[in-house]
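Chemist: predicted model follows, preceded by the sequence.
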Amino acid sequence: MKPIERPDLGGPFPENIAIIMDGNGRWAKERGMRRVFGHKAGIDSVREITTECASMGVKSLTLYAFSVENWKRPRVEIRYLMRLLRRFLIDERPTLMENGVRLKAIGRIDSLPQDARDALHETEELTRENTGLVLRLALAYGARTELADAVRKLAKDVSAGALDADLIDDETLRQYLYDPEMSDPDLLVRTAGELRLSNFLLWQVSYSEIHIARCCWPDFRKPQLLDAMKDYATRVRKYGGLVMDHAPARERA
Ligand code: IPE
Ligand code: IPE
Ligand code: MG
């Protein structure tokens, strides 16, 4: 594993980052190409952002790669995306290993094509012992679906007598999410200038700081990542409380 080099952001470092990778289709259209070329180009951004996050010592990076709503897209686009996913999961293995990255997935994984699931399972197994960045791919993911799936499992445990309904709190609910080990994102980035969550991590982003990048995902590279991190470093996180004395005067109560 390569040595970790944290950039000086002039403020707190975002340990946990989540990104809504948007604008692949627009990127391709602007260049007179078909949408799928944007998805292909987006893979280079995924590789660069993952590698940079790993070398800066980010703990977890969660990438929104395919939503439950994306099943509504044309069959050819879905087929292309699934093939691209499988290729990514196979081709990136050496890079993941070199950078100490552990790969995990969240979402309705059972709904993915079998060959993509096999590649996913093998990459998860291969990288299981890696201790650096945890790269989570949100695949066939929807936050409302995640919450419904969690509540269904939780209700079964209550009716089986394994869980006392009166003791359910936020932490109990977290245990039923797709990956209970996932920390809440400190920083949520969306590319392509869109100002919405599109059903991503609704529960987990309650107190995340949001950064909107204007560029489309295939153009989101190290400089844009550093811009997002520097933006985060200027934020004062209060979690509904009041700021401490060391915060800038304008932020004090
Ligand atoms: C994001 O890019 C990738 C996925 C949703 C799979 P889009 O495909 O949404 O690109 P735009 O937003 O149409 O430009
Ligand atoms: C969100 O992007 C989903 C992913 C990035 C995988 P979309 O392009 O699907 O979202 P909307 O439709 O613009 O809200
Ligand atoms: Mg989009």
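Modeler: Everything's here; your move. Ligands and ions are numbered 1, 2, ... in the order given.

Chemist: and stretch 64-74, C-alpha only, in PDB?
Modeler: Provided in PDB are the C-alpha atoms of stretch 64-74 (Å, rounded to 0.1, in the frame of the first residue of the first chain):
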ATOM      1  CA  TYR A  64     -24.100   6.200  -6.700                       C
ATOM      2  CA  ALA A  65     -23.600   4.000  -9.800                       C
ATOM      3  CA  PHE A  66     -27.100   2.800 -10.600                       C
ATOM      4  CA  SER A  67     -30.400   3.600  -8.900                       C
ATOM      5  CA  VAL A  68     -33.600   1.500  -8.600                       C
ATOM      6  CA  GLU A  69     -35.200   4.100 -10.800                       C
ATOM      7  CA  ASN A  70     -32.500   3.700 -13.500                       C
ATOM      8  CA  TRP A  71     -34.200   0.400 -14.400                       C
ATOM      9  CA  LYS A  72     -36.700   2.600 -16.300                       C
ATOM     10  CA  ARG A  73     -34.000   3.500 -18.900                       C
ATOM     11  CA  PRO A  74     -33.800   2.000 -22.400                       C
END
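
Chemist: what about that stretch and ligand 2, touching?
Modeler: Yes: if you take C-beta under 6 Å from any ligand atom as the test, stretch 64-74 does meet ligand 2, through 64-67, 70. For glycine as for every other residue, the C-beta is placed from the backbone atoms N, C-alpha and C.

Chemist: could those residues go into a markdown table alongside pLDDT?
Modeler: Converted to a markdown table, these look like this (pLDDT from 0 to 100):
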| residue | pLDDT |
| --- | --- |
| 64 | 99 |
| 65 | 98 |
| 66 | 98 |
| 67 | 98 |
| 70 | 98 |
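
Chemist: from those residues, which are also near ligand 1?
Modeler: Contacts with ligand 1 are made by 66, 70 out of the residues of stretch 64-74 next to ligand 2, judged by C-beta under 6 Å from any ligand atom.

Chemist: which one of the residues of stretch 64-74 next to ligand 2 is nearest residue 23?
Modeler: Each of the residues of stretch 64-74 next to ligand 2 was scored against residue 23 by C-beta to C-beta, and residue 64 proved nearest at 12.3 Å.

Chemist: pretty sure the closest one sits against residue 20.
Modeler: Yes: between residue 64 and residue 20 there is a contact under C-beta atoms under 8 Å: 4.7 Å.

Chemist: and the spatially closest residue to residue 239 that is not a sequence neighbour, what's its pLDDT?
Modeler: Distances taken as C-beta to C-beta, 6 or more residues apart in numbering place residue 207 nearest to residue 239, at 5.6 Å, with adjacent residues excluded. pLDDT, residue 207: 98.

Chemist: swap in residue 1?
Modeler: So residue 1 comes in at 73 (pLDDT).

Chemist: so how far is residue 101 from it?
Modeler: Separation of residue 1 from residue 101 (C-beta to C-beta, to the nearest Å): 9 Å.

Chemist: name the residues contacting each of these two.
Modeler: When contacts are counted by C-beta atoms under 8 Å, 6 or more residues apart in numbering, residue 1 and residue 101 have residue 132 as shared neighbours.

Chemist: so those two - more neighbours on which side?
Modeler: residue 101 (22 against 13; other C-beta atoms under 10 Å).

Chemist: for that one, which residues are in contact?
Modeler: 50, 54, 95, 127, 130, 132-135.

Chemist: and it, how close does it get to residue 86?
Modeler: 18 Å.

Chemist: export whatever helix or strand residue 172 lives in to CSV, keeping only CA atoms.
Modeler: Assessed by DSSP states H and E, residue 172 sits inside helix 170-174. The C-alpha trace of helix 170-174 is given here as CSV (Å, rounded to 0.1, in the frame of the first residue of the first chain):
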residue,chain,number,x,y,z
ASP,A,170,-31.8,5.3,15.3
GLU,A,171,-28.9,2.9,16.1
THR,A,172,-31.3,-0.1,15.9
LEU,A,173,-32.5,1.1,12.5
ARG,A,174,-28.9,1.5,11.3
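
Chemist: show me what it is packed against.
Modeler: helix 143-159 (3 or more C-beta pairs under 8 Å, 6 or more residues apart in numbering; DSSP states H and E).

Chemist: with that, I have no additional questions.
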